[in-house]
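Trainee: Pasting the sequence and the predicted coordinates here, then a few questions.
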Amino acid sequence: MGGSFLSLRKVLVTGGAGYIGSSLVPLLLRQGFSVTVFDDLSYGNYGIRKYLSKIDLIEGDVGNLELLKKSAIGSCAIIHLAGTSGDPSCDLDPKKCAKDNYESTKNIVQICKEFEISRLAFASSCSVYGAQDGMVDEDSKPNPLTLYARTKLDSESKVLSLEGGCALRLSTLFGASGRTRCDLVVNLLTCHAFQSGKVMLFGGDQWRPLLDVKDAAKAFFMAITLDKEKVNGIFNVGSTVQNLKVKQIAYLLGEEIKNVDINIHPVDRDARSYKVSFEKIRKNWGYESEYSVLDGIKEIKACLENRSIENWKDPIYSTRGRIL
């Protein structure tokens, strides 16, 4: 996954103390990069605390252009993870969502152009596809149904104005990281099943592409280390075999957590349902995800058992009700 770029060491990671960042930062360090994390630390620094002696940590808002510029000096790549994450947080404060997601991406692109930073990897989302029939790929027409999805789609056009710009449309994430989220479907259902022995679904026929957070981190690493001509553009990140219906996730839970009572209540079709093709990233990059949904269920279950996740309803494990 390397290349000549490995000799150019400094990487700026915005939002590097968050869910993806706390898996990505140690990966970059293991590969010999100098890492600067730019984060507003809404949830503290506990996700990357063990690495604080090995990184530069700058606390700040992604809307602060001047501080971002200072943080980017000497960087050869920027990985832009920061922003307001998910529909609930965006709906709480739409203006802040637009500022944190779209306006901050414009700032990052401006910095890349001004400082001649040759690589930018941006965290977009498969939610830009919205409701679609059949399998969608990068050439399918987006159908963003929420403010969050619209800000991601609008940001992509800015990122792609750079020769080395790469927009990664991530599947719905699962699994543990330094700063685990328990408000995402696989992790959330696992927590409910472990605590109460019950899983209640409304619908369950919605399709979701799913991806372990560690596999997401690997994709960002590849985006800044593969040859530039391979990474410029939009790439769905995930695994075709991990396009699952939500009720299939519940059935997998039943394999790992015994005697779970699964209740499925029929409802009208969920507007957000889509199956995604990941052939482009597999063929162009040789990318393959390593962790299955069942692996993620086992991992979250272990975190609950050993109490590394003590109270999964604590706001530190969620973006709901708080703005990143």
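Mentor: Ah, there it is. Numbering: from 1, shown residues only.
Trainee: any idea how far L57 lies from K69?
Mentor: 17 Å (CB to CB, to the nearest Å). Heads up, the C-betas are built off the backbone N, CA and C, glycines and all.
Trainee: Which of those two has more residues huddled nearby?
Mentor: L57 (18 against 14; other CB atoms under 10 Å).
Trainee: Isn't that one up against V35?
Mentor: No. Checked against CB atoms under 8 Å, the pair L57 and V35 is beyond contact range at 9.3 Å.
Trainee: now the strands: where do they sit in this protein?
Mentor: 10-14, 34-39, 56-59, 77-80, 119-125, 135-136, 165-170, 172-174, 198-202, 207-212, 233-237, 243-245, 261-265, 275-276 (DSSP state E).
Trainee: Now render the ones you listed as a markdown table, adding distance to F220 and mean pLDDT.
Mentor: Output for the strands of the chain, formatted as a markdown table (distance: least, CB to CB, whole Å; pLDDT from 0 to 100):
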| stretch | distance to F220 | mean pLDDT |
| --- | --- | --- |
| strand 10-14 | 9 | 98 |
| strand 34-39 | 12 | 98 |
| strand 56-59 | 18 | 98 |
| strand 77-80 | 5 | 98 |
| strand 119-125 | 5 | 98 |
| strand 135-136 | 22 | 96 |
| strand 165-170 | 7 | 98 |
| strand 172-174 | 12 | 97 |
| strand 198-202 | 31 | 91 |
| strand 207-212 | 12 | 96 |
| strand 233-237 | 9 | 99 |
| strand 243-245 | 21 | 96 |
| strand 261-265 | 35 | 91 |
| strand 275-276 | 18 | 96 |
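Trainee: right, and the ones you listed - which one's nearest Y251?
Mentor: strand 261-265 (7.3 Å; CB to CB).
Trainee: Near F115, how many residues? Count them for me, please.
Mentor: Neighbour tally, F115, other CB under 10 Å: 15.
Trainee: Next up, the contacts around it.
Mentor: 69, 72-73, 75 (CB atoms under 8 Å, 6 or more residues apart in numbering).
Trainee: From L68, how far off is it?
Mentor: Following CB to CB, the distance that separates F115 from L68 is 11 Å.
Trainee: same question, I262
Mentor: Counting by CB to CB, the gap from I262 to L68 is 46 Å.
Trainee: out of the two, which sits in the busier spot?
Mentor: Using other CB under 10 Å as the criterion, I262 and L68 rank with L68 on top: 23 against 16.
Trainee: Wait, the more buried one touches F38, no?
Mentor: Yes. Using CB under 8 Å, L68 is in contact with F38, at 6.7 Å.
Trainee: what touches both of the two?
Mentor: 14, 60, 62.
Trainee: how close does the last one sit to L24?
Mentor: Counting by CB to CB, the separation of V62 from L24 is 17 Å.
Trainee: likewise the first one?
Mentor: As judged by CB to CB, T14 and L24 stand 11 Å apart.
Trainee: so what sits against both of these two?
Mentor: In contact with both T14 and L24: 79, 81, using CB under 8 Å, 6+ apart.
Trainee: helices or strands up against the lowest-mean-pLDDT helix or strand in the chain?
Mentor: The weakest-scoring helix or strand in the chain, judged by mean pLDDT, DSSP states H and E, is helix 87-92 (a mean of 72). On a contact count with 3 or more CB pairs under 8 Å, 6 or more residues apart in numbering; DSSP states H and E, helix 87-92 meets helix 147-159.
Trainee: could you redo the last one with a cut-off of 10 Å?
Mentor: Here helix 87-92 touches helix 94-98, helix 147-159, going by 3 or more CB pairs under 10 Å, 6 or more residues apart in numbering; DSSP states H and E.
Trainee: Which of those helices has the lowest mean pLDDT?
Mentor: Of all these, the minimum mean pLDDT falls on helix 94-98 (a mean of 81).
Trainee: Give me the contacts around it.
Mentor: 63, 83-87, 89-91, 104, 146-148, 150-151, 154, 323-324 (CB atoms under 10 Å, 6 or more residues apart in numbering).
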